[in-house]
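Enquirer: curious how this folds, go ahead:
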Amino acid sequence: REITVGPGMGSVGNSLVAYAAGITEIDPIRHGLIFERFLSPERPEAPDFGIQVHPDRREELIAYLRSRHGRDRVALIGICSTMTDAELDLLGMPGREPDMVIHLSAVVIGAGSLAGRVPVAHGPQGELIIKCVKSAELEAFNLVRLDIFGLPLLARLDDAVKTIRRIGQPDFDLASIPLD
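Expert: This next block holds a predicted model:
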């Protein structure tokens, strides 16, 4: 779909699996990266998996995940913030329920429908939002978390590549620039 994607974050950038699957263009063997961090007996939690995408295309990628895996299997994460009664009083909002905000990057994918497995809400466009479940608890629910960050720098790089192609180098690709 020609969505500009960054090199990956967390365990992605040094994952041979992510490289082989075409998720990242970084070859961890060629660059001598330690990719044991991705999956290791010494690491009790599941590997973190994050990618950066063109910010204007993030929602398109999430829509693709919903169409590929099912709208009932893909959700955003709602983070609950709780305040003490004293903090609420200071803000002039006594007795107010905790707020829920959408996590900046997290998307969760399940093997089956999320309804009935985790507490969910529906967003303005009907999208699923997992309510107030901590990231560390997701694995217990058999859910995979993927962080998809809309990175403004990728928009600038995308514009630069389009400009270079337009003014005389139609086959230009950022990956062709030597690292040295």
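
Enquirer: list the contacts of residue 53.
Expert: Residue 53 makes contacts with 3-6, 61, 148-151, 154, as judged by C-beta atoms under 8 Å, 6 or more residues apart in numbering. Where C-beta positions appear, they are placed from N, C-alpha and C, glycine not excepted.

Enquirer: helix or strand next in line after the helix or strand of the chain with the lowest mean pLDDT, which one?
Expert: The helix or strand of the chain with the lowest confidence, counting by mean pLDDT, DSSP states H and E, is helix 85-90 at a mean of 67. Using DSSP states H and E, the next helix or strand after helix 85-90 towards the C-terminus is strand 99-110.

Enquirer: just the buried residues of that next one, please?
Expert: Judged by neighbour count (16 or more other C-beta atoms under 10 Å), strand 99-110 contains these buried residues: 103, 105-110.

Enquirer: and the furthest pair within the residues you listed?
Expert: 105 and 110 (17.8 Å; C-beta to C-beta).

Enquirer: what average pLDDT does the longest helix seen in the chain get?
Expert: In terms of residue count, the longest helix belonging to the chain (DSSP state H) is helix 152-166. Mean per-residue pLDDT for helix 152-166: 93.

Enquirer: dump the C-alpha coordinates for it into CSV.
Expert: Presented in CSV, the C-alpha positions along helix 152-166 are these (Å, rounded to 0.1, in the frame of the first residue of the first chain):
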residue,chain,number,x,y,z
PRO,A,152,6.0,13.3,11.5
LEU,A,153,9.6,12.9,10.3
LEU,A,154,8.4,10.1,8.0
ALA,A,155,6.1,12.7,6.3
ARG,A,156,9.1,15.0,5.7
LEU,A,157,11.2,12.1,4.3
ASP,A,158,8.4,11.0,2.1
ASP,A,159,8.0,14.6,0.7
ALA,A,160,11.8,14.7,0.1
VAL,A,161,11.8,11.4,-1.8
LYS,A,162,8.9,12.6,-4.0
THR,A,163,10.7,15.8,-4.7
ILE,A,164,13.9,14.1,-5.6
ARG,A,165,12.0,11.7,-7.9
ARG,A,166,10.1,14.6,-9.5
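
Enquirer: any residues touching it, and which ones?
Expert: 4-6, 52-56, 171-174.

Enquirer: could you rerun that using 10 Å?
Expert: Here helix 152-166 makes contact (C-beta atoms under 10 Å, 6 or more residues apart in numbering) with 2-6, 52-57, 151, 169-174.

Enquirer: run the chain-centre distance for it.
Expert: 22 Å (C-alpha atoms, centre = their mean, to the nearest Å).

Enquirer: with stretch 140-150 instead?
Expert: With C-alpha atoms, centre = their mean, you get 7 Å for stretch 140-150.
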